[in-house]
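Student: fold the following, please.
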Amino acid sequence: MSGGRGPGYDQRLARERETFAGQEEIHGNLPPSAHRWSNRHVRPKLEALGVPGLDELIVGQIAERARGLSRDAVVLSLGSGNGDQELGWLRGLAAQGLDNVRLRLLELNPEMQARAEASAREQGVADRVELITADFNTWRADAEHDVVVGFQALHHVLDLEHLYGQITGSLTDGGVLVVHDMIGRNGHRRWPEAHEVVDRIWATLPPELRRNALTGQLDEQFVDVDCAADGFEGIRAQDVLPVLLDFLHPSLFLPYGNVIDPFVDRIYGHNFDMDNAAHVALIDKIGVLDDSLLDLGLVTGTRLTALFHPAPQPLRVHGNRTPERSVRDTRVVDPAGRVSFRPGGAGERLVRGAGIVTGRMNGIAHDDWAAPSVEFPVLTTARVDAVEFRTYLPDDAGEHGSVTVSVDGVPVAKADVGPGLTEQVLPVRLDAHRQVRLSFDADWSVTAGGDRRTLAYVLVGLGLLEG
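Tutor: Take a look at the predicted model:
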């Protein structure tokens, strides 16, 4: 899928400039929980692949090429921001006696470029730094590059195909693209298989760990923010990796992170006190779970550190986290067929309102057809006084009847279900913050033709209504 530039493109571009114009530190302010997780679950994997750290990886790739050239090694940094990292690379190279390096800083924001230019002058390296103020999506390469660095930049790109084409065409034969970026769902949202796990963890968290740094509120449910709603943050994050594999060949490839993300990000991660043994233990446990889910192939990585080249190279990977296993099939919303989310929709929940489903729903098929007995494990987020029960039966349905609603096995209400769309509000009362088994038992069923399923009705939606 190519990212076309539609009528809202200029507004998004303006939003991107506005967001970063005043930011003098774009890679900082990570919570201590992020560093705890990274040091225990990411760094050891990089070290096992022969990489001491990210800076060492980038500087090492530049140094390797600079040593073998009788000219300047040309390095392009994508989305270079204030240039602080890039100028640090120059200092690291100078410490190794390498000064035949020229930096090209590609950045959309002129305010950030001005800060990079001032810093380069202060450090006496302005003659080795070239500023390119341009939009990723329209920039055209006008030089050859020995090293291109995409450090948390590619997930801001709408026209990945155009940018990758420019990078590929400008890399020298021995050139390399260094990637450290986000490769999860667009807008940095959770895919359903991960969202289900996050929701189940969320239901166990004490209030102090659920405070939202953006709103200051305690979030009863995990808020899956779409960061791409009005800008370029994560605009095509899920395409970053698969499209890149169409253009270049990896030699080092480490995907990581997924379920852990909300617990180490800037919204909720600062709630975890790394001087609190219980908080530390929880981050460590989620980190182990995250690794297990990735290694089993039940989720795919949301972050990537990798090297890519114009020609095929021997490949270093961690375990079975290969490029092929790391590409999420985005055509399928929920590959396991869970109904916490509608498989054909955009993440819409089947159960809405003052509660969340904390486990697998039993008795609901992937197409929302209900078996005679259906059960939901539910955690209420507020007092519930009624349940909105919406069902559908084809007009020519031969059988129909009534459905008994039970809470923890105790019948509390009954609904009559007939042909067509039926919407009923049933008096079902549940206390706030209560974990219950909500079940629905139909007194009729039919056996579907081709697949031989025993079914009763289509569950259109279930609303838990506050008093």
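Student: buried stuff in the strand or helix carrying Tyr164?
Tutor: Assigning secondary structure by DSSP states H and E places Tyr164 in helix 160-170. Of all the residues in helix 160-170, those buried under the rule 16 or more other C-beta atoms under 10 Å are Leu160, Glu161, His162, Leu163, Tyr164, Gln166, Ile167, Thr168, Ser170. No exception for glycine: its C-beta is placed from N, CA and C like everyone else's.
Student: what distance do you get for the residue located most distally from the centre of the chain to Ala456?
Tutor: Of all residues in the chain, the one whose C-alpha sits farthest from the chain's mean C-alpha position, using C-alpha atoms, centre = their mean, is Gly398 at 45.1 Å. According to C-beta to C-beta, to the nearest Å, Gly398 stands 12 Å off from Ala456.
Student: joint contacts of these two?
Tutor: With contacts taken as C-beta atoms under 8 Å, 6 or more residues apart in numbering, Gly398 and Ala456 have Val446 as neighbours in common.
Student: verify the stated contact: Gln217 with Arg211.
Tutor: Yes - the pair Gln217 / Arg211 is scored as a contact, 7.3 Å apart, by C-beta atoms under 8 Å.
Student: quick one: which of the two has more around it?
Tutor: Neighbour totals were compared for Gln217 and Arg211, and Arg211 leads with 15 against 10 (other C-beta atoms under 10 Å).
Student: before we move on, the earlier item: what's near enough to touch the residue lying closest to the residue farthest from the centre of the chain once chain neighbours are set aside?
Tutor: Take Gly398 and drop its neighbours on the chain: the residue closest to it by C-beta to C-beta, 6 or more residues apart in numbering is Val446, 6.8 Å away. In this structure, Val446 makes contact with Ala397, Gly398, Glu399, Thr454, Leu455, Ala456, judged by C-beta under 8 Å, 6+ apart.
Student: which residues does the fifth one bridge with?
Tutor: Per DSSP bridges, residues listed as beta-bridge partners of Leu455: Val446.
Student: still on that earlier bit, the residue farthest from the centre of the chain: which element?
Tutor: Element membership for Gly398 (DSSP H and E) is empty, with no helix or strand holding it.
Student: off-centre distance for whichever strand or helix holds Leu87?
Tutor: Assessed by DSSP H and E, Leu87 sits inside helix 84-95. The chain centroid and the centroid of helix 84-95 are separated by 30 Å under C-alpha atoms, centre = their mean, to the nearest Å.
Student: each with direction, which strands does the next helix-or-strand element following that helix pair with?
Tutor: Downstream of helix 84-95, the first helix or strand assigned by DSSP H and E is strand 101-107. Sheet neighbours of strand 101-107, with direction, are listed as strand 73-78 (parallel), strand 129-133 (parallel) (DSSP bridges).
Student: make CSV from those and add mean pLDDT, mean neighbour count and distance to Val317 to it.
Tutor: Formatted as CSV, the entries for the strands paired with strand 101-107 read as follows, by pLDDT from 0 to 100; neighbours: other C-beta atoms under 10 Å; distance: least, C-beta to C-beta, whole Å:
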stretch, mean pLDDT, mean neighbour count, distance to Val317
strand 73-78, 98, 25, 24
strand 129-133, 97, 17, 33
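Student: what about the helices in this protein?
Tutor: In the chain, the helices defined using DSSP state H lie at 9-21, 32-41, 43-48, 54-67, 84-95, 110-122, 160-170, 192-202, 240-245, 261-264, 277-295, 323-326.
Student: just give the nearest non-adjacent residue to Arg453, would you?
Tutor: Setting aside the residues directly before and after it, Arg453 is nearest to Ala365 in space (C-beta to C-beta, 6+ apart), at 6.7 Å.
Student: from Ser439, how far off is that neighbour?
Tutor: Plainly put, Ala365 is 16 Å away from Ser439 if you go by C-beta to C-beta.
Student: more crowded one of these two?
Tutor: Neighbours per residue, other C-beta under 10 Å: of Ala365 and Ser439, the larger number sits with Ser439, 20 against 16.
Student: contacting residues for that one?
Tutor: Neighbour list for Ser439: Ser373, Val374, Glu375, Phe376, Val405, Ser406, Val407, Gly409 [criterion: C-beta under 8 Å, 6+ apart].
Student: again, only this time at 6 Å
Tutor: Taking C-beta atoms under 6 Å, 6 or more residues apart in numbering, we find Ser439 in contact with Glu375, Ser406.
Student: ranges for the strands of the stretch 251-400 of the chain?
Tutor: Under the criterion DSSP state E, counting those that start in this stretch, the stretch 251-400 of the chain contains strands at 303-309, 316-317, 351-353, 355-357, 362-364, 369-380, 384-393.
Student: mind listing what's buried in the fifth one?
Tutor: For strand 362-364, the buried set under the neighbour-count rule, 16+ other C-beta under 10 Å, comprises Gly363, Ile364.
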